[in-house]
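# show me the folded form of this:
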Amino acid sequence: MARTTTFDSLKKRFQMAAGLPTLTSVDEFFFKEAINSRAQTAWHRCQWPELLKITQKNVAATSNPAADKAVRIDNDLDVMEIHQVWTKNPYTDRNAILLDFKLVDGYLILPADSSLTSVFILGTAVRPTYGSDSPDEPNIPEFLSNYLTAGCLSDFLRGDGQTEAAMREENRAEEYLFLEIDRAERLQSQNKITVNTYPSYSFGVSILSTT
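Numbering: from 1, shown residues only. Here you go, the predicted structure:
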């Protein structure tokens, strides 16, 4: 499990950086909105290894869009962005096969000739909503803490009319995020699942290599 920090811990860091002795109810509301907005941005900026998960989903027919083999992804509670789809869990079964798929109107669509009744999806976990009253209050990814703090401070300064200071913090936030993206890309290059290109099947799959 990825290392985490708490909403309260980041709020104290923000309060100290902003030079605020206390936070008013308005400040508290602003910080909650800002940190969730910044987290949403960060969630989509990279395929973060710490946020990846694999989950099994049943395949069924759907009428809208019309498809015989589909998995609903829109509003799914487990995964949001889909990166790979497998016949079996690729981390436990050496016979797992990587599948071609299409994303159409909130559904993952498999070819009509597929005989699968379930698939294993490697995707990004759904972002929780952070706040002092949220059950996910202690589960903010620590690797995003510097970006979130600087980004929230930039938003606060911009709202206070301190445009130049806000830009400095925005640049600092981006630097923090770029450093983490670089780290994530290096980790991904080390942890990729290697697949052979042959034999191929009618709908474009590859057998998982165990080497």
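
# check contacts around Cys46.
By C-beta atoms under 8 Å, 6 or more residues apart in numbering, the contact set of Cys46 is Glu180, Ile181, Ala184, Glu185. C-betas here are computed from N, CA, C, even on glycine.

# from Pro138, how far off is the first one?
Going from Glu180 to Pro138 by C-beta to C-beta, to the nearest Å gives 20 Å.

# between these two, tell me which one has more neighbours.
Neighbours per residue, other C-beta atoms under 10 Å: of Glu180 and Pro138, the larger number sits with Glu180, 21 against 13.

# which other helices and strands contact the longest helix along the chain?
Looking across the chain with DSSP state H, the single longest helix is helix 163-191. Counting contacts by 3 or more C-beta pairs under 8 Å, 6 or more residues apart in numbering; DSSP states H and E, helix 163-191 is packed against helix 25-45, helix 145-159.

# make sure Leu77 is indeed in a helix.
No. Assessed with DSSP: H, G, I helix; E, B strand; the rest coil, Leu77 is coil; it does not lie in a helix.

# tally of neighbours for it?
8.

# and it, its phi and psi?
When read as degrees, to the nearest 10, the backbone of Leu77 gives phi -90, psi -10.

# tell me the contacts of it?
Listed by C-beta under 8 Å, 6+ apart, the contact partners of Leu77 are Val126.

# Asp136 versus that one, what's the distance?
From Leu77 over to Asp136 (counting by C-beta to C-beta), the distance is 13 Å.
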